[in-house]
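> Need coordinates for the below:
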Amino acid sequence: MKAYRACLFDLYGTLVDIRTDEGRPDLWHRMSAHYGSRGARYAPAELRAAYLAACARREAELRQSSAAKWVEIEIGTVFSDLYARRGAAVNASEIQETAALFRRLSTTHLRAYAGAAELLRILRERGRQVILLSNAQRLFTLPELEKLGLRDCFDGIFLSSDHECKKPDAAFFRLPLERFGLAPEDCLMIGNDPVCDVAGAAAVGIDSVYIRSGLSPRDEPEHIPALLRLDRMDLRRLRRILLAAG
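Presented below is the predicted three-dimensional model:
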């Protein structure tokens, strides 16, 4: 494997192990109480249905207005819409608080994979640019990066919610190339999704490493166009491979 100028990393399932469950009844009871305390009264089941409808509505709007094939909503607009539909006025800080509560209640497991921070640190020490390219919500992900000690491990952070598009859309992959003046051949994508990470990168000429983790899709394509495949999560082995390239 050659030495690449930049390593583009997926987050969830690649550097971070996470489990979420947005269908938990206790989540919607707590969120119902939270919304009600701010003047937006919903029964728990009603709030869940309104949330799912608002997500679908916002995605449909983006599909109509965006040039991207793979669109991504910004979840704060959904939480805001739910307040507005009950006539409750809230500010940006209250939306952040609502998002933080929702994420905390829906997350059942969160940890960085062993060796994640060390891998990112050593790559940067060796002169590689380390860039996060993740299908993720800023309101959820930045606090989690802080909690896990990964926020300052990247030279650049690109989250799909900020750009209204997501992997495998070519437009999302081009963002770090444009920001850092990189050519596709300068970059290596590292991720756990054979379509979003590997096929998406290949479509714009970026090589990739596919790591099959517990969060990888169960139905893998017959052909995965990765330069290297690791069949289990082992970031220390990945580090040895990347550093061996010089």
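
> wait, is Leu62 part of a helix?
Yes: according to DSSP: H, G, I helix; E, B strand; the rest coil, Leu62 belongs to a helix.

> Show me this protein divided up by domain.
Domain assignment for the chain by automatic domain parsing gives 6-19+110-244, 20-108.

> same question for the shortest one, mean pLDDT?
In this model, domain 20-108 has an average pLDDT of 97.

> that older thread, turn the domains of the chain into a markdown table, columns for mean neighbour count.
Where C-beta positions appear, they are placed from N, C-alpha and C, glycine not excepted. Shown next, in a markdown table, are those (neighbours: other Cβ atoms under 10 Å):
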| stretch | mean neighbour count |
| --- | --- |
| domain 6-19+110-244 | 18 |
| domain 20-108 | 16 |
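
> what's the helix or strand encompassing Arg240 packed up against?
Using DSSP states H and E, Arg240 maps to helix 235-244. Counting contacts by 3 or more Cβ pairs under 8 Å, 6 or more residues apart in numbering; DSSP states H and E, helix 235-244 is packed against helix 116-125, strand 207-211, strand 228-230.

> Need the residues that contact it.
By Cβ atoms under 8 Å, 6 or more residues apart in numbering, the residues outside helix 235-244 that reach it are 1, 7, 15, 113-116, 118-119, 122-123, 126, 128, 188, 190, 209, 211, 228, 230.

> residues contacting the residue lying closest to Met233 once chain neighbours are set aside?
The spatial neighbour of Met233 that comes closest, neighbours along the chain excluded (Cβ to Cβ, 6 or more residues apart in numbering), is Ser213 at 4.5 Å. Residues near Ser213 by Cβ under 8 Å, 6+ apart: 13-14, 17, 113, 192, 232-233.

> a strand runs through Ser213, doesn't it?
No: the assignment for Ser213, made by three-state DSSP, is coil rather than a strand.

> Ramachandran angles for it?
Here is the backbone geometry of Ser213 (degrees, to the nearest 10): phi -110, psi -180.

> Let me know the pLDDT of it.
Looking at Ser213, its pLDDT is 95.

> Please enumerate the helices of this protein.
Using DSSP state H, the helices of the chain run over 25-37, 44-65, 75-84, 92-106, 116-125, 138-148, 170-180, 200-203, 235-244.

> so which of those comes closest to Pro221?
Smallest distance to Pro221 across those (Cβ to Cβ): 11.6 Å, for helix 200-203.

> Quick check: which helices or strands does the closest one pack against?
Going by 3+ Cβ pairs under 8 Å, 6+ apart, helix 200-203 lies up against helix 170-180, strand 187-191, strand 207-211.

> Turn those into CSV, columns for distance to Leu150.
Output for the helices and strands packed on helix 200-203, formatted as CSV (distance: least, Cβ to Cβ, whole Å):
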stretch, distance to Leu150
helix 170-180, 17
strand 187-191, 14
strand 207-211, 17
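
> Tell me which of the ones you listed sits nearest to His109.
Using Cβ to Cβ, the helices and strands packed on helix 200-203 put strand 207-211 closest to His109, at 18.3 Å.

> Beta-bridge partners for the spatially closest residue to Phe172 that is not a sequence neighbour, please?
Sequence neighbours aside, Cys165 is the residue nearest to Phe172 in space, at 5.0 Å (criterion: Cβ to Cβ, 6+ apart). Applying DSSP bridges to Cys165 gives these bridge partners: Val71.
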